[in-house]
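In: Got a predicted structure plus its sequence, pasted below:
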Amino acid sequence: KIPSWYAEEGILYPRHLSLEQCSSEATARYKASIIPEFSSGTLADLTGGFGIDCAFLSPKFHHVTYVERQEVLCEIASHNFPLLALNHIRIENKDAIRHLQEMSSADWIFIDPARRDGHGGKTVAIADCEPNVAELESLLLEKAQHVMVKLSPMLDLTLALNDLKHVHQAHIVSVGNECKELLLVLSQQVHEEPSAPRVFCVNDNQRIDYDSAAYTQGLRIGGKPLPETKNYLYEPNVSIMKAGCFDLVEERFGVTQVGPSSHLFVSATPVADFPGRGFAIEAIGGMNKKDIKRLLNGTKQANIAVRNFPLTAPQLRKKLKLADGGPVYLFGTTMQGCDHVLLRTSKI
């Protein structure tokens, strides 16, 4: 999770829950990439935890304050930061809200509200997290020009934008095609349309961004007919799936949606930089016995996925009597015209 720290002798680690909740090095480095360089600047990390985010954000700032209410985590941070040559971080063993109320102004505030209730169960909604960032939004922006909020990857982006009124950027961050974090950057800048920030869909080194105001005001295409020649199939990464910007992907990458709710794309020619997985289409057929026999062509093993299909992947596997794995990828989906189809493909 934190390879550069693992290689450092003497680093102390907290109990399991704090390790489970902390960011990975990959996501912490991405957060740092959002922040421009400062010759001198200040950061307040109000929810320090194990200190991963604070450590990777801190080189962008001249003065950094790590705030954490658990004394043991403060002791660990006090031990670890000097080992990492992060001597400009001040440790404050204090409640986040109290520190926010008492602190001087800063350039940036980082806050990662706890996503567990009093019984240890996971929560998702902003209002159910501690502290409640929606209630603190005005105070946060009184104290800092910019505020970075880390939220659950399970939280719906639209709900988050409804709860917070000054979102300047939204980053959906995935690693290895697994959605890890929803990051919102709040800004003091006044927007004519505060609920329409710039959205960034990130998966490892792939990133697409778009102006959500323009997207919602008419960029949607919809109804584009399928190409006569369907040689390639594309499956967007999970960040795009979460953002739901399928029409924008269609417009930007020259691909066509298989169906209105299938979230798969086809093209006649290859798309080298598509943000997701690509497959060469070998055959397309229906669900009748003749088509299935032609599609399988003696295949006993395949990777199966379904999108907007009446059967689940296990049900389809059972119906086709196929073992898992191998070089064949079968997609069950619904094409334009409501036709249930199978696509036999190979990965490219």
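Out: Here it is on my side, so go on.

In: So R69 lies in a strand, does it not?
Out: No - note on R69: no strand contains this position according to DSSP: H, G, I helix; E, B strand; the rest coil, which reports coil.

In: what number of residues lie near it?
Out: Per other C-beta atoms under 10 Å, the neighbour tally for R69 reads 17. From N, CA and C alone the C-beta is placed, and that goes for glycine too.

In: Confirm for me that it is in contact with A96.
Out: Yes - shown here, R69 and A96 form a contact pair, counting by C-beta atoms under 8 Å, at 7.0 Å.

In: what about the helices in the stretch 151-300 of the chain?
Out: 157-163, 212-214, 238-243, 246-253, 289-296 (DSSP state H, counting those that start in this stretch).

In: V258 is in contact with M335, isn't it?
Out: Yes - using C-beta under 8 Å, V258 is in contact with M335, at 5.4 Å.

In: I'd say D107 and A144 touch.
Out: Yes - counting by C-beta under 8 Å, D107 does reach A144; the two are 6.6 Å apart.

In: More neighbours: those two, which one.
Out: A144 (24 against 18).

In: Not counting its neighbours along the chain, what's nearest that one?
Out: I109 (4.2 Å; C-beta to C-beta, 6 or more residues apart in numbering).

In: tell me which element that neighbour falls in.
Out: In this structure, I109 sits in strand 106-111 according to DSSP states H and E.

In: Q101 too?
Out: helix 96-102.

In: Go ahead and name everything in contact with that helix.
Out: Residues outside helix 96-102 that contact it (C-beta atoms under 8 Å, 6 or more residues apart in numbering): 44, 46-47, 65, 67, 69, 92, 109, 111, 131, 136, 139-140, 143.

In: Go through it and flag the buried ones.
Out: A96, I97, H99, L100 (16 or more other C-beta atoms under 10 Å).

In: One more: stretch 300-319?
Out: Buried, per 16+ other C-beta under 10 Å, within stretch 300-319: A302, N303, I304, A305, V306, R307, N308, F309, L311, A313, L316, R317.

In: Which strand residues bridge the nearest residue in space to the last one that is not next to it in sequence?
Out: In space, not counting the residues next to it along the chain, R317 is nearest to I304; the distance is 5.2 Å by C-beta to C-beta, 6+ apart. Taking DSSP bridges, one finds L330 as the beta-bridge partners of I304.

In: May I ask which two of the buried residues of helix 96-102 are separated the most?
Out: The distance between the two most remote of the buried residues of helix 96-102 (C-beta to C-beta) is 7.4 Å, for I97 and H99.

In: Tell me the buried residues within the contacts of helix 96-102.
Out: 44, 46-47, 65, 67, 69, 92, 109, 111, 131, 136, 140, 143.

In: Can you lay out the residues you listed as JSON lines showing pLDDT and distance to Q188?
Out: Shown next, in JSON lines, are the buried ones among the contacts of helix 96-102 (pLDDT from 0 to 100; distance: C-beta to C-beta, whole Å):
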{"residue": "A44", "pLDDT": "98", "distance to Q188": "15"}
{"residue": "L46", "pLDDT": "98", "distance to Q188": "17"}
{"residue": "T47", "pLDDT": "95", "distance to Q188": "21"}
{"residue": "T65", "pLDDT": "98", "distance to Q188": "19"}
{"residue": "V67", "pLDDT": "98", "distance to Q188": "21"}
{"residue": "R69", "pLDDT": "94", "distance to Q188": "27"}
{"residue": "E92", "pLDDT": "97", "distance to Q188": "24"}
{"residue": "I109", "pLDDT": "97", "distance to Q188": "11"}
{"residue": "I111", "pLDDT": "97", "distance to Q188": "16"}
{"residue": "P131", "pLDDT": "89", "distance to Q188": "20"}
{"residue": "L136", "pLDDT": "95", "distance to Q188": "15"}
{"residue": "L140", "pLDDT": "97", "distance to Q188": "10"}
{"residue": "K143", "pLDDT": "96", "distance to Q188": "10"}
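
In: Which of the residues you listed lies at the shortest distance from I34?
Out: After measuring the buried ones among the contacts of helix 96-102 against I34 - C-beta to C-beta - the closest member comes out as I109, at 13.5 Å.

In: measure the closest one to E130 for me?
Out: Distance of I109 to E130, given as C-beta to C-beta, to the nearest Å: 16 Å.

In: Could you do S261 as well?
Out: Counting by C-beta to C-beta, the gap from S261 to E130 is 36 Å.

In: before we move on, what about G259?
Out: 42 Å.

In: In terms of neighbours, single out the busier of these two.
Out: G259 (19 against 15).

In: And for the protein, the residue most distant from the center?
Out: Residue farthest from the centre of the chain, counting by C-alpha atoms, centre = their mean, is K290 at 41.5 Å.

In: Check what pLDDT that residue gets.
Out: With respect to pLDDT, K290 scores 95.

In: Low-confidence ranges, this protein, go.
Out: By pLDDT under 70, the low-scoring segments of the chain are 17, 38-40, 116-124, 190-195, 214-223.

In: Could you rerun that using 80?
Out: Applying pLDDT under 80 to the chain flags residues 16-21, 37-40, 115-124, 189-196, 212-224.
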